[in-house]
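> A predicted structure for the sequence below; I have some questions about it.
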Amino acid sequence: MKIKFQYLILMLALFAAYGCKKDNYDAPTLTLKGRLVYNGEAVNVEYNKVPFELYQPGFGKTGPINGTFAQDGTYSTLLFAGDYKFTIPANQGPFRWKELGPSKRDTLAVKVGANQTLDIDVIPYYMVRNATFTPASGKLTAKFNIEKVITDANAKNIETVFLYINKTQFVSNADNMNISSDPNVPEPAIVAGSSITDLNNVTIIDDLPSITPTQNYVFARVGIKIAGVEDMIFSPLVKVSL
Amino acid sequence: MKKKFLIMIVAGLLVGESCKKDSAFLDIPPKSVLPTELVFSDPALVLSVLGDLYNRVLDFSGLDNGWSSFTDFSEAFPSENGSYFFVQRTGWGFGEWSTWDYGYIRDLNLFLQRANAATKLTEDDKKRFIAEARFLRAQYYFEIVKRMGGVPLITEPMEYDYSGNVTQLQKPRAKESEIYDFVISEAEAIKNDLPTNIDVKSRATKAAALAMEARAALYAGSIAKYGANTPQVSLPGNEVGIPASMADAYYTKALAAAQQIINQQAGAYKLYQVLPDLSDNFAALFLDKSSVNQESIFIEDFKANGGKTHGFTTNNQPFSISDEGLDAGRLNPSLNLVQSFEKLDNTYAPIPTKDGSGDPIYYTNQLDIFAGRDARLAGTVLLPNGLFKGKRTEVYAGYLLGDGSIITSGDATQPKNVPGLGTTQVVGKDGVVSGQEFRTQTGFFIRKYLDPTVGSGRRGRGSDVAFIRYRYGEVLLNAAEAAFELNQPGIALGYINQVRARAGLTTPLAALTFDRIVHERRVELAFEGHTLFDMKRWRIAHLVWDSNKMSVADLVSNIGKATKHNTQPYGLWPYKYYNPSSPNNNKWVFREVLPGPVTGANSFSFGNYYSQIGNDILSANPLIVKQPNQ
């Protein structure tokens, strides 16, 4: 049989013409970002522990877009334009936010039309203020004040205050974010909440563990474990030069 | 003439055949599908349907769920390269352990509907089949409520009418207490329809129903009592959480149900006390499927060469005694568990590796370090130099020289030069080398369920050791706990001391504490799938798995305390001491070591108390409320 090349060329041309049609949506491009704030001040939390949810109603089944706050309380997510509802699941985070009873939180309507910044105003149980970290002869001394923000019927006590130190800027109790939780070095320095007499003058001293390979700085921050609240609240991260 | 004859015949045939009715011609009963009425007319066929439903019973740890279902919670270390995530993760996803098998519930409901409608079964058969299906349904609701809290309670097969409206199929979650009440009331309703034959173990019996009832009531009671300690883990509609006021009623029911078994109202059940060696006796309890075993109540049975076997022995047999070459040694019990077995004088003590002044203690035989402990230790755990299939395991991590240096290698087949001994094997064939899979990395192998039958370790044959779901020993502990919570310490001590005496702890306890009960369940029921649910119902899971890493000092302190944190599985590594000038030459030294792959620490958050309900379920049924803390 003789192959008719003109037909083949025609077919290829048709394929080429129609094959260029897009068959998919663009990826979301609009950034919604912000941070957890109390009176304009960042609320520091543990990395990857405090979740948030975004719902976009009106598209069949409902399901959240999940995310978590970074340790300085920031969040960022890419979205399509549209109307969203933002919420933080109940009992998550060391703060109160739009509470509707013991295990319910309200949502916040967010209209996403362009890149935007949306700070989430929360009321933390406590804030750590004026934290200073002073290294001296193999020890790190942290001095700070604690402000009790919620003092009404919803107030909660301090269970423990921790001083966390790490080689990198990820500092918390989790996994490898705290060098003093290495089994071969002493536990993180703690102060029991009941033994704190003056919230305006709290001191914790911890041994500075040896670091391999050596580096002349560490990162440190103070975390407060609040009784009955899972997530801890932290002081801003500080890089301490040794 | 001949032609005419043929035509006549053909015409005759045509007429004859065409007279058949359409229905007789077209409606042929299918030969590959059994119609419902037929199945429910023959007890053997009904039993085969029921057999499928029995097969689908959900277990947390199960011999056919894979060896790794026994691994988590720092009670054991997974010695397999692909499974180190158990000890490297720092927490569980909220969806972990969830179940939502309403397909199974529908099948059970359909079975009940059809069995109830059956007319050709004898009354006795029918009663027993229905009771068995109700038992399985209650058993699954118990399993689901342990994991998810209150769920929609569906007891009828639901039909969709194709109207486009599904709201009539959407049911809200029942209260957590309502599901427990359902399990308890079902057990009460069916117990007298079930046989009291003690030799029936793989099908439901009266004792199985009562054992389920006792356990369920105990769980509900402890959630009611200890739920007060974690007010965050509850929902306002009580889909999760049980009011504290209901605790005593549940404990009373648990005690009453357990006592019916103990008083032999369901058959002559008793503790397995057959072999003179108490450790062998405890191990044999899980291997013996003959009528001698009067302890097991309800089991998942297996049959070698009969199509239903499991690979537990293949996966976990000691490496040097393996029937299957490189397939061995995955499940390594941790030192955390091993040291929690008491001494025979009822006191807790770490495994003694150092004397009072901090010097190592030298042992002539490896097993000496474990001497004088609860017999269940050697019955549950295959200790270094322990006996399996007539051979002893070879477990050591290297040579310790007089100057304190250690000589070790990456494998038993890689000899090293030991000064004075020449080039020689420096680690045991069964380990210990950190990071070497299929050998022990904690120094221990599992003994519970490990099948000593010839060929049981081969992949082709497999093992047919049964998995015991309910046994008399647990019933005694359930009764003891319920009596303790009801402030009847005399009764509680009577029960718990029976279990302890069987393990060689013959000095009876004089007083009972919550810590003692937690401890007793941990050692008696290790690797039987209770750990997670016990810790959850006592609401101490977030304290025990608190995300803090463990130091050796942590490990050896506070043994026997219920809330002692247990986040990383430690090992106990034996070293051969080589120092010809010392009287301790060739003796054994032990060290507590965290196996190399262990980098994470168990972290149980409030959101883990009840497993997440998937978004597909939530969006399909808007009446379902979310779990707390998620």
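Looks like it arrived, so ask away.
> Next one: B:Gly62 from B:Ser163, what distance?
Per CB to CB, to the nearest Å, B:Gly62 is found 41 Å from B:Ser163. Every C-beta, even on glycine, is put in place using the N, C-alpha and C of the backbone.
> With neighbour numbers in mind, choose between these two.
Between B:Gly62 and B:Ser163, counting by other CB atoms under 10 Å in any protein chain shown, B:Gly62 is the more crowded of the two (17 against 7).
> I'd like to know which elements the helix or strand of chain A with the lowest mean pLDDT is packed against.
Lowest by mean pLDDT, DSSP states H and E among the helices and strands of chain A is strand A:189-192, with a mean of 73. The helices and strands touching strand A:189-192, judged by 3 or more CB pairs under 8 Å, 6 or more residues apart in numbering or on different chains; DSSP states H and E, are strand A:158-166, strand A:202-207.
> ok, and what's touching that strand?
By CB atoms under 8 Å, 6 or more residues apart in numbering or on different chains, the surrounding residues in contact with strand A:189-192 are A:Glu159, A:Thr160, A:Val161, A:Phe162, A:Leu163, A:Ser180, A:Val202, A:Ile204, A:Ile205, A:Asp206, A:Asp207.
> Then stretch B:89-100?
A:174-175, B:58, B:60, B:143-144, B:147-148, B:151, B:532, B:547, B:600-605, B:607-608, B:611-614, B:617, B:627, B:630.
> So which bits of that stretch are buried?
B:Arg89, B:Thr90, B:Gly91, B:Trp92, B:Phe94, B:Trp97, B:Ser98, B:Thr99, B:Trp100 (16 or more other CB atoms under 10 Å in any protein chain shown).
> Dump the residues you listed to a markdown table, plus secondary structure.
Formatted as a markdown table, these follow (DSSP: H, G, I helix; E, B strand; the rest coil):
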| residue | secondary structure |
| --- | --- |
| B:Arg89 | coil |
| B:Thr90 | coil |
| B:Gly91 | coil |
| B:Trp92 | coil |
| B:Phe94 | coil |
| B:Trp97 | coil |
| B:Ser98 | coil |
| B:Thr99 | coil |
| B:Trp100 | coil |
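> between the residues you listed, which is nearest chain A?
B:Thr90 (4.5 Å; CB to the nearest CB).
> where do the helices sit along chain A?
A:5-19 (DSSP state H).
> Would you mind listing where it has pLDDT under the threshold?
Within chain A, the segments meeting pLDDT under 70 span A:1-2, A:19-23, A:174-189.
> and what of chain B?
Ranges of chain B meeting pLDDT under 70: B:1, B:16-20.
> What is the longest strand of it by residue count?
strand B:571-578 (DSSP state E).
> which residues touch the spatially most central residue of chain B?
Closest residue to the average C-alpha location of chain B: B:Gly529 at 2.7 Å, with CA atoms, centre = their mean. Residues in contact with B:Gly529 (CB under 8 Å, 6+ apart) are B:Asp59, B:Phe60, B:Ser61, B:Gly62, B:Ser69.
> what residues does chain B put near chain A?
B:90, B:231-232, B:234-236, B:542, B:547-552, B:568, B:594, B:599-601, B:603, B:605-606, B:615-616, B:618-620, B:626, B:628-630 (CB under 8 Å from any CB of the partner chain).
> out of those residues, which are buried?
B:90, B:232, B:234-235, B:542, B:547-552, B:568, B:594, B:600-601, B:603, B:605-606, B:618, B:626, B:628-630.
> Among the residues you listed, name the ones in helices.
Reading helices off these with DSSP H, I get B:His542, B:Val552, B:Leu618.
> Touching, the second one and B:Gly571? I think so.
No: in this structure, B:Val552 sits apart from B:Gly571 without contact. The criterion is CB atoms under 8 Å, and the distance is 11.2 Å.
> Need the overlap of contacts for the two.
In contact with both B:Val552 and B:Gly571: B:Glu592, using CB under 8 Å, 6+ apart.
> What are the boundaries of the strands in the stretch 201-350 of chain B?
Counting by DSSP state E, counting those that start in this stretch, the segments of the stretch 201-350 of chain B that form strands are B:296-300, B:331-333.
> ditto for the stretch 1-150 of chain B
Using DSSP E, counting those that start in this stretch, strands in the stretch 1-150 of chain B cover B:76-78.
> now do the stretch 501-630 of chain B
Counting by DSSP E, counting those that start in this stretch, the strands of the stretch 501-630 of chain B are B:571-578, B:588-593.
> Roughly how far does B:Pro508 sit from B:Gly490?
12 Å.
> So between the two, which is more surrounded?
B:Pro508 (13 against 8).
> Can you tell me the closest non-neighbouring residue to the more buried one?
B:Asn497 (4.4 Å; CB to CB, 6 or more residues apart in numbering or on different chains).
> picking that back up, for A:Leu140, which of the strands of the stretch 201-350 of chain B is the nearest?
strand B:331-333 (38.0 Å; CB to CB).
> who's in contact with the closest one?
Contacts of strand B:331-333 (CB under 8 Å, 6+ apart): B:67, B:70-71, B:75-79, B:315-316, B:380-381, B:440-446, B:526-527, B:569, B:571.
> If you count neighbours, what's buried in that strand?
B:Leu331, B:Asn332, B:Pro333.
> What is the burial count for the residue lying closest to B:Ile299 once chain neighbours are set aside?
Closest residue to B:Ile299 apart from its sequence neighbours, by CB to CB, 6+ apart: B:Ala466 at 4.2 Å. By other CB under 10 Å, the residues close to B:Ala466 number 22.
> What of B:Ser582?
Neighbour number of B:Ser582 under other CB under 10 Å is 12.
> Likewise for A:Trp97?
The burial count for A:Trp97: 18, using other CB under 10 Å.
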